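*Asks:* take a look and give me a structure for this.
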Amino acid sequence: MTSRHRLAGSFIALFASTLALSACSADDSHDQVVVTQVVTSTVAPENVTTQQAEPATPVVTATPTSAALTPVEASEFSGFGVYSFDFHTGGPATGFCVIATPGDSVTCSGTADDSVPDVEGLFSGRPNAVALNEAGTAYTVSEGGPPPPRDLNTGEQVTLGSVTCSKPTDDVLTCELRSRAIRVEGPDRRISTS
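*Replies:* Residues are numbered from 1 along each chain as shown. I've put the predicted structure just below:
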């Protein structure tokens, strides 16, 4: 290895360290760093199979599907290494969505219909979220994640890769992936899929 390669490697290591430290606040009033990881267990409908997709470079766009919606750059929802946002559908609870990089799946919190079976696995119980990917939908138990950078507000839409999430009205959130969709609606954040 040449000294130029060692110097480039040192620069990259220094740059990565600087980025990691820049995430820390200059405010010394907080003595702790809290790291939160999203952990989910899923149950898929019996007729759905899943497959692992090849990693890809994310495509970040903000292309509206409706003239009534304002596109928001996906970068506004990027934080802690994920793309996420909170949303409100009229009730006291706050919902959240996490769009996986490179934009090939999305998981949103909500209330599953009583006909949806309980989830079994690492986290068992009533599903409190639904995941959407190329293979279909799967209800899941989610423990949440890091605080999102901002809410997706009524009249806004964000696209990352193949996933587009929209907030067309005060009481509805939709996320679409090609011909599939999830919808979270009303004060009880009722989940429906198509």
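
*Asks:* wouldn't residue 93 be in contact with residue 189 here?
*Replies:* Yes. Between residue 93 and residue 189 there is a contact under C-beta atoms under 8 Å: 6.1 Å. Every C-beta, even on glycine, is put in place using the N, C-alpha and C of the backbone.

*Asks:* neighbour count: those two, which is higher?
*Replies:* Per other C-beta atoms under 10 Å, whichever of residue 93 and residue 189 has more neighbours is residue 189, with 23 against 13.

*Asks:* how much space is there between the more buried one and residue 154?
*Replies:* Computed as C-beta to C-beta, to the nearest Å, the residue 189 to residue 154 distance reads 15 Å.

*Asks:* what of residue 142?
*Replies:* Taken as C-beta to C-beta, the span from residue 142 to residue 154 is 23 Å.

*Asks:* these two: who's more crowded?
*Replies:* For the pair residue 142 and residue 154, the greater number of neighbours falls to residue 142 (22 against 18), based on other C-beta under 10 Å.

*Asks:* per-residue pLDDT, the closest residue to the more buried one other than its chain neighbours?
*Replies:* Closest residue to residue 142 apart from its sequence neighbours, by C-beta to C-beta, 6 or more residues apart in numbering: residue 129 at 4.1 Å. Here, the pLDDT recorded for residue 129 equals 97.

*Asks:* tell me what residue 129 is bridged to.
*Replies:* residue 109, residue 140 (DSSP bridges).

*Asks:* now for it, how many residues are close by?
*Replies:* By other C-beta under 10 Å, 29 other residues sit near residue 129.

*Asks:* can you check residue 81 too?
*Replies:* By the criterion of other C-beta under 10 Å, residue 81 has 7 neighbours.
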